[in-house]
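[1] Here is a sequence together with a model predicted from it:
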Amino acid sequence: MSTIQKSGTFTLGSHTVKRLGYGAMQLAGPHVFGPPKDRDAAIAVLREAVASGVNHIDTSDYYGPHVTNQLIREALAPYADDLVIVTKIGARRGSDGSWLPAYSAKELEQAVHDNLRNLGLEVLDVVNLRIMFGVMGPAEGSIEAQLTALAELQRKGLVRHIGLSNVTPAQVKEGRGIAEIVCVQNMYNLAHRHDDGLIDELARAGIAYTPFFPLGGFSPLQSSTLSDVATRLGATPMQVALAWLLERSPNILLIPGTSSVGHLRENLAAAELELSVDVLSELDGVAKAA
Ligand SMILES: NC(=O)c1ccc[n+]([C@@H]2O[C@H](COP(=O)([O-])OP(=O)(O)OC[C@H]3O[C@@H](n4cnc5c(N)ncnc54)[C@H](OP(=O)(O)O)[C@@H]3O)[C@@H](O)[C@H]2O)c1
């Protein structure tokens, strides 16, 4: 069995994917804006991910913008039949690199066409509607207008499956009444566990939960407990953080991001790591201390 196969599998839309996937955001330039410093290195990371068995890649056309999707196309097209590329819409980039909401029906349709063109696809497999109501995280408010517009694009055959991102449990509930939701992508990791209840609820419904910033994102996780556990297990703190997420719930799909082949290999090897009940309860203390 390959290393990554040990992460297990979960259904995402029409496919079964390995639970350890890859998030492509880090492949664009600094602050996810413009081209990468080393284009060949970015291509190498994507090819290494797929060669290692990754069949779930997370992206967006607003990474770059356009850059990350163009890299994915150059590195991986024609795509393997089992590869699921999940993208997200609902934002655009200002000329200064800022992240701006882009929610009108016209903007959402434009974003779907941008993703199709830059990825070189005729249909997008899974599209997350990324909500930006709050500055620091999810904020309440109806998502009916935006989701209805995305469901219309699904009806037109441009999108196979719909997910939600940066949403509250109330928005997930509202969304499930409007369209079939196959995944939810929110910030969650060992130190940020606001979604514990939501994850369990989605697991009962067979809906995937994909944490973004699984390693802490722009502020990588730092915790003496995490480092101590890693040292004892002969692993790295990032591997322990990923192994903990795999243990946390069977519907969690991982998309750790990296621009480095070395880090990619390290992250995928987390599938091999087994955490005892005692270690898991020790790691539960990280969020309490955060
Ligand atoms: N829905 C949303 O709103 C949203 C928001 C943010 C991200 N996302 C998605 O979620 C994915 C994951 O999030 P993320 O990439 O922002 O954050 P992340 O996976 O938590 O962490 C990525 C950071 O950790 C570093 N890193 C990765 N592996 C490492 C390792 N083994 N050792 C040390 N450092 C390591 C990376 O630097 P190096 O490049 O140097 O390895 C990068 O700085 C993104 O790629 C994107 O697809 C979605």
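    Perfect, thanks for sending it.

[2] Is it correct that residue 106 falls within a helix?
    Yes: per DSSP: H, G, I helix; E, B strand; the rest coil, residue 106 lies within a helix segment.

[3] how many other residues sit next to it?
    By the criterion of other CB atoms under 10 Å, residue 106 has 10 neighbours. Where C-beta positions appear, they are placed from N, C-alpha and C, glycine not excepted.

[4] got it, and residue 8?
    Counted with other CB under 10 Å, residue 8 comes out at 14.

[5] cool, residue 61 as well?
    Under the neighbour criterion other CB under 10 Å, residue 61 is assigned a count of 27.

[6] Please give the three-state secondary structure assignment for it.
    coil.

[7] Surely it touches residue 69?
    Yes: counting by CB atoms under 8 Å, residue 69 is a contact partner of residue 61 at 5.2 Å.

[8] any shared contact partners between the two?
    87, 114, 115, 118 (CB atoms under 8 Å, 6 or more residues apart in numbering).

[9] Include secondary structure, neighbour count and distance to the ligand when you put the residues you listed into a markdown table, please.
    Shown next, in a markdown table, are the shared contacts of residue 61 and residue 69 (DSSP: H, G, I helix; E, B strand; the rest coil; neighbours: other CB atoms under 10 Å; distance: CB to the nearest ligand atom, whole Å):
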| residue | secondary structure | neighbour count | distance to the ligand |
| --- | --- | --- | --- |
| 87 | strand | 31 | 9 |
| 114 | helix | 19 | 16 |
| 115 | helix | 24 | 13 |
| 118 | helix | 21 | 15 |
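
[10] Could you save these as CSV and add columns showing pLDDT?
    Listed next are the shared contacts of residue 61 and residue 69 as CSV, based on pLDDT from 0 to 100:
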residue, pLDDT
87, 98
114, 98
115, 98
118, 98
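
[11] what's the closest of the residues you listed to residue 184?
    Nearest to residue 184 among the shared contacts of residue 61 and residue 69 is residue 87, at 15.1 Å by CB to CB.

[12] how much space between that closest one and residue 78?
    Applying CB to CB, to the nearest Å, the value for residue 87 to residue 78 is 18 Å.

[13] residues contacting whichever residue of the stretch 1-150 of the chain sits closest to the ligand?
    Closest approach of the stretch 1-150 of the chain to the ligand (CB to the nearest ligand atom) occurs at residue 23, with a separation of 2.4 Å. Counting by CB under 8 Å, 6+ apart, residue 23 touches 57, 58, 59, 212, 255, 256, 257.

[14] ok, for the fifth one, nearest residue in space, not its chain neighbours?
    Beyond its immediate neighbours in the sequence, the residue positioned closest to residue 255 (CB to CB, 6 or more residues apart in numbering) is residue 23, lying 3.6 Å away.

[15] Helix, strand or coil: sort out residue 88 for me.
    Assigned with three-state DSSP, residue 88 falls in the strand class.

[16] List the residues that contact the closest residue to it other than its chain neighbours.
    In space, and not counting its chain neighbours, residue 88 is closest to residue 128: 4.0 Å by CB to CB, 6+ apart. Counting by CB under 8 Å, 6+ apart, residue 128 touches 86, 87, 88, 89, 162, 163, 164, 165, 183, 185.

[17] any idea how far the fifth one lies from residue 252?
    I take that to be residue 162. 19 Å.

[18] cool, the second one as well?
    Relative to residue 252, residue 87 is positioned 20 Å away (CB to CB).

[19] Up against the ligand, what does the stretch 1-150 of the chain have?
    Counting by CB under 6 Å from any ligand atom, the residues of the stretch 1-150 of the chain lying close to the ligand are 23, 24, 25, 26, 58, 88, 130.

[20] Can you get me a residue count around the closest residue to the second one other than its chain neighbours?
    When you say that, I think you mean residue 24. Excluding its sequence neighbours, the residue lying closest to residue 24 (CB to CB, 6+ apart) is residue 59, at 4.5 Å. The tally of other residues near residue 59 (other CB under 10 Å) stands at 25.

[21] what's the answer for residue 83, then?
    Neighbour count of residue 83, defined by other CB under 10 Å: 19.
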